[in-house]
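> Got a sequence here, can you model it:
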Amino acid sequence: MAAIEKKTGSKMGWVASNCGCGDAVEVSRSFQAQQCDYFEMPIIRDFRSKSTWKRRVRGVARNATLYFRAKKFANLSGNAEVVHFQQILNAYGSGAVFHWLRQPSKATRIVTVHELDGDQLEFPERNKMYDLADGIIVHCEEMKQHLVKLNVPEDKVHVVLQGTNVPATMPDNRREGIIFYAGHKVMTGKGIHSLFKAMSLIQERVGTNAPTLKIHGHYGETTPEEAKKLTEASGLGSKVVWLNQISIEEIVREYQSALVCVLPYTGSFAGLPAAIAAANQLPVVCTRKAGLPDHLGDCAVWVDEEDSVQLAERIMELLGSDSLRREIAGRLLKRAENFLRWDVIADKTLSVYAQAARKKAASQHKH
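Next comes the predicted model:
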């Protein structure tokens, strides 16, 4: 936002609402952006009953609430030249997006697709509604190809990476241990079971000299029960530190103090930790999933999915070689400077806006 405002000289506005996921982050409202037009409405969650009639009734009620929410989004953003919808899940999912796109509007309308939800995957024909968007942004090639398979026009979908601040100078911190980003849903798509097995293998090999694993995410300030049980069962004890939800400033400090970032993802999206790690010269061991190849290029240490032995070996290699870490850190910094800085991301985003606006104007002129 700051980079776009600086480049355009125009103020950006925000419209936001409660998402309806029911997680601790939502209930506490700690997700809420400051200085935005915020409203709350009931949201019927995406629960699939085994009973057909219950599923239908719930579907009708859910669709109605999403319609009114989309109308509120449209009304609050009605004066904007460009409106950019961030599609995630629930109140920000495909139902709300498609209702929003049906609203009459003179604005250039962009949708960033962060996640695909059950509704649009179960009924792929609904994705035809993306034709009403003037442009679509995704954060990795994998998501672009998924949308293309759902018959979204390929020329409408643009890959714009997750951005980050690149520090002018690095603090002279003593680095130690491993950092892992657990996202929103800790136990799914993040490879946490493989990581814990790998950490156990490392502990078997080096004993009390085993590195500490620090874990953070945006799932709230309390460690999830399943995660606590996994920690207890792993035998790693105090070698696992749950930081839970911390600010971006705290994340940066932790990344500047760690030796290795490990992201053995099998799904989800890992652009945030990848970008911050690159900018702060922190070597990354990761899979070729979750947007990691897009963000890290050839600068990561790659591992196969769910291969805890290989993961342990790559972590040990990095921990044991200062020169290898320095070499990778240097390449990551260049990658961040060239592709991940916020002003680079702002330029790409503004380019999508401009291209979409030109196409919209040309289309209106034809009619």
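> Tell me the backbone dihedrals of K359, please.
For K359, the backbone dihedrals (degrees, to the nearest 10) come out as phi -60, psi -40.
> One more: F39?
Torsion angles, degrees, to the nearest 10, at F39: phi -140, psi 160.
> and it, how many residues sit next to it?
14 (other C-beta atoms under 10 Å). C-beta: built from backbone N, CA, C; applies to glycine.
> who's in contact with V138?
T112, V113, K144, L147, V157, H158, V159, V160 (C-beta atoms under 8 Å, 6 or more residues apart in numbering).
> Could you identify the most distant pair in those residues?
Largest separation among those by C-beta to C-beta: L147 and V160, giving 13.8 Å.
> out of the contacts of V138, who's nearest S321?
V159 (33.0 Å).
> What's the local residue count around the closest one?
16.
> Let me know the distance separating it from A2.
To A2, V159 is 22 Å away according to C-beta to C-beta, to the nearest Å.
> S105 too?
Taking C-beta to C-beta, one finds S105 at 26 Å from A2.
> how close does E141 sit to E5?
E141 is 29 Å from E5, by C-beta to C-beta.
> Can you name every helix or strand that the helix or strand containing R326 contacts?
Using DSSP states H and E, R326 sits within helix 322-335. With contacts defined as 3 or more C-beta pairs under 8 Å, 6 or more residues apart in numbering; DSSP states H and E, helix 322-335 has these neighbours: helix 271-279, helix 308-319.
> Would you mind finding the most buried of those helices?
Per residue and on average, the most neighbours among these fall to helix 271-279, with a mean of 27 (mean count of other C-beta atoms under 10 Å).
> For whichever helix or strand comes after that helix, the averaged confidence score.
Counting by DSSP H and E, the next helix or strand C-terminal to helix 271-279 is strand 284-286. Regarding strand 284-286, the rounded mean pLDDT is 98.
> With stretch 346-353 instead?
Averaged over stretch 346-353, pLDDT sits at 98.
> What ranges does this structure have for its helices?
2-8, 24-27, 52-76, 94-102, 118-122, 141-149, 192-206, 225-234, 248-255, 271-279, 292-296, 308-319, 322-335, 342-366 (DSSP state H).
> Which positions within the fourth one qualify as buried?
It refers to helix 94-102. By 16 or more other C-beta atoms under 10 Å, the buried positions in helix 94-102 come out as S94, G95, A96, V97, F98, H99, W100, L101.
> Confirm for me that the second one is in contact with A61.
No: distance between G95 and A61: 11.7 Å, which falls outside the contact criterion (C-beta atoms under 8 Å).
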